[in-house]
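[1] Give me a model of this one.
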Amino acid sequence: MEERKIQLLEAEYRRHLSLMRADPDREKEHREVAEAILWALDKLRGEEER
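    So this is what the prediction gives:
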């Protein structure tokens, strides 16, 4: 289950990176979401190591 969550978050992260480039008017919003997703991924991966 955790692996699936990580896969979904990675896909969403890549989507927001693409949207940052495609939608310059909302780049800041997409960057903020991408950073939040990276934070969540770091937390999930840290829990897996325990």
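
[2] residues touching the closest residue to residue 10 other than its chain neighbours, list them.
    Among residues not flanking residue 10 along the chain, residue 41 sits closest, at 6.9 Å (C-beta to C-beta, 6 or more residues apart in numbering). C-beta coordinates here come from the backbone N, C-alpha and C atoms, glycine included. If you count contacts by C-beta atoms under 8 Å, 6 or more residues apart in numbering, residue 41 has them with 6, 9-10, 13.

[3] got it, and residue 39?
    By C-beta under 8 Å, 6+ apart, residue 39 lies in contact with nothing.

[4] Look at it and report its pLDDT.
    Confidence at residue 39, expressed as pLDDT, is 95.

[5] for residue 1, same thing?
    In this model, residue 1 is scored at 65, pLDDT.

[6] The one 4 residues further on too?
    In this model, residue 5 is scored at 88, pLDDT.
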